[in-house]
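# A predicted structure for the sequence below; I have some questions about it.
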Amino acid sequence: MTSAPSLDADVIVVGSGAGALAAALAACDAGATVTVVERTDAVGGTTAVSGGGVWMPANHVSGAGDGREAALAYMTHLAAGRTAADLLARYVDEGPAIVAGLEERTKLRFRPVSWPDYHPEMDGARPSGRMIEPALFDASLLGGWAAHLRRPPVLGLPMTLQESTVDWTPSYTPRRYDAAEIKERVQAR
Ligand SMILES: Cc1cc2nc3c(=O)[nH]c(=O)nc-3n(C[C@H](O)[C@H](O)[C@H](O)COP(=O)(O)OP(=O)(O)OC[C@H]3O[C@@H](n4cnc5c(N)ncnc54)[C@H](O)[C@@H]3O)c2cc1C
């Protein structure tokens, strides 16, 4: 999507969603030269049009209270034998540090979303704390790259998941929806 990519880089990352860009960042931090190739004319993939919720047990954002064994018990029930146990364990063991590392390495900041786990009846479920999301982000920090971001066809207002589903719920309670605040955010990008 920019000039001809440098294909002699140490690492070629295909795509520009969360998975690809996190990999690119990790490779770059490890000292590799990295080229990201994206087949569309926009950066961000499905990730850029998603709700942005990140389900991460024992994350540093929501504070203490969660535990490895409870998280693994919940995931094991949910996976119902379809995901290898070592993969589940790796998610729980390494995921929180990846989220924390993204905050250390970038301007991205995470905030809690006060949602319960989707299956609160299952062993190991928690009433809140495992869902987090990016805080509002100042797009001007991206410089010229801001113009290349994929624009969402839905969920397009600069509102967090917490605001749109808990604090304001604009679809159901439009009177609580703070239109002036949203207008200010749109203008501030
Ligand atoms: C409306 C909506 C809301 C969602 N909300 C949530 C949520 O709140 N929480 C959650 O966990 N999940 C959510 N999801 C799902 C989540 O967005 C996806 O699972 C996630 O973004 C996938 O990330 P990814 O990095 O794997 O791929 P993507 O973000 O899709 O990125 C893949 C990229 O690779 C590019 N690409 C593909 N093939 C090639 C190729 N051959 N060459 C070059 N580039 C290529 C694509 O163009 C794209 O840019 C939501 C999805 C939608 C649609």
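Perfect, I can see it now.
# So which residues on this protein come close to the ligand?
For the chain, the residues in contact with the ligand (CB under 6 Å from any ligand atom) are 14-20, 37-40, 45-47, 49-53, 154-155. Quick note: C-beta positions are derived from backbone N, CA and C, even for glycine.
# Buried ones among those residues?
Buried residues within the residues of the chain next to the ligand, defined by neighbour count using 16 or more other CB atoms under 10 Å: 15-18, 20, 38, 45, 47, 49, 52-53.
# farthest-separated two in those?
38 and 53 (23.4 Å; CB to CB).
# quick check: domain ranges of the chain?
The chain breaks down by automatic domain parsing into domains covering 1-50, 51-188.
# Switch these over to CSV; also include mean pLDDT.
Formatted as CSV, the domains of the chain follow (pLDDT from 0 to 100):
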stretch, mean pLDDT
domain 1-50, 92
domain 51-188, 94
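# what about the nearest residue to residue 29 once chain neighbours are set aside, how many neighbours?
Distance criterion CB to CB, 6 or more residues apart in numbering; nearest residue to residue 29, sequence neighbours excluded, is residue 105 at 6.8 Å. Per other CB atoms under 10 Å, the neighbour tally for residue 105 reads 13.
# gap between residue 105 and the ligand?
Counting by CB to the nearest ligand atom, to the nearest Å, the gap from residue 105 to the ligand is 17 Å.
# hang on, isn't that residue packed against residue 25?
Yes. Counting by CB atoms under 8 Å, residue 105 touches residue 25, with 6.3 Å between them.
# ok now do the closest residue to residue 169 other than its chain neighbours, which residues does it touch?
Closest residue to residue 169 apart from its sequence neighbours, by CB to CB, 6+ apart: residue 176 at 6.7 Å. Taking CB atoms under 8 Å, 6 or more residues apart in numbering, we find residue 176 in contact with 167-170.
# Of all pairs in those, which one spans the longest distance?
167 and 170 (9.8 Å).
# more crowded one of those two?
residue 170 (18 against 15).
# Secondary structure element holding that one?
Counting by DSSP states H and E, no helix or strand carries residue 170.
# From residue 180, how far off is it?
Applying CB to CB, to the nearest Å, the value for residue 170 to residue 180 is 13 Å.
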